[in-house]
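1. model this:
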Amino acid sequence: MSPEQSRAARGWLGWSQTELAKRASVSLSTVRDFENARRVPIANNLNALQRAIEAGGIEFIDEEGSAVGIRLSKNAHGADHIRSAKGGANARR
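-> Residues are numbered from 1 along each chain as shown. Predicted structure coming up:
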């Protein structure tokens, strides 16, 4: 997961950095520093961030080892808060 993917996923989910930190059980500074490319979190924290976003219904797209985007998970029915691609309105799944 790249910093750009994290920011995009948060935007799609309508989460603040604080919300992501809470859901991942990491510090707010971990999220801020990662998303601003100041530092890469330790493996456990990076994995926790990715798991939290995936639990929200987002999948990460990687091609040839490079992070290239995000998309709604095929089983996003478990997501608790997804923003609709049409109109940006919040939708429950």
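
2. mind listing what's buried along the longest helix seen in the chain?
-> Of all the segments of type helix in the chain, defined by DSSP state H, the longest one is helix 43-55. Neighbour-count burial for helix 43-55 flags 45, 46, 48, 49, 50, 52, 53, 54 (criterion: 16 or more other Cβ atoms under 10 Å). The C-beta positions use only the backbone N, C-alpha and C, and glycine is treated the same way.

3. any idea which of those is closest to residue 12?
-> residue 53 (9.3 Å; Cβ to Cβ).

4. how far off centre is stretch 28-42?
-> 13 Å (Cα atoms, centre = their mean, to the nearest Å).

5. mind showing which ranges of this protein have poor pLDDT?
-> Along the chain, segments meeting pLDDT under 70 span 76-93.

6. run through the helices of it in chain order.
-> Under DSSP H, the chain gives helices at 3-13, 17-24, 28-35, 43-55.

7. OK, contacts around residue 66?
-> Neighbouring residues of residue 66 by Cβ atoms under 8 Å, 6 or more residues apart in numbering: there are none.

8. meant to ask about residue 21
-> Applying Cβ under 8 Å, 6+ apart, the residues contacting residue 21 are 27, 28, 30, 31.

9. the second one: what's it in contact with?
-> Pointing back at residue 28 there. Counting by Cβ under 8 Å, 6+ apart, residue 28 has contacts 17, 18, 21.

10. just curious, which of the buried residues of helix 43-55 is nearest to residue 62?
-> residue 50 (11.5 Å).

11. wait, isn't the closest one in contact with residue 1?
-> Yes: counting by Cβ atoms under 8 Å, residue 1 is a contact partner of residue 50 at 4.8 Å.

12. which neighbours do the two share?
-> Common contact partners of residue 50 and residue 1 (Cβ under 8 Å, 6+ apart): residue 60.

13. residue 33: neighbouring residues, count only.
-> By the measure other Cβ atoms under 10 Å, the count of residues near residue 33 is 15.

14. setting aside sequence neighbours, what's the nearest residue to it?
-> residue 39 (4.8 Å; Cβ to Cβ, 6 or more residues apart in numbering).

15. quick check: the gap between that neighbour and residue 30.
-> As defined by Cβ to Cβ, to the nearest Å, residue 39 lies at a distance of 9 Å from residue 30.
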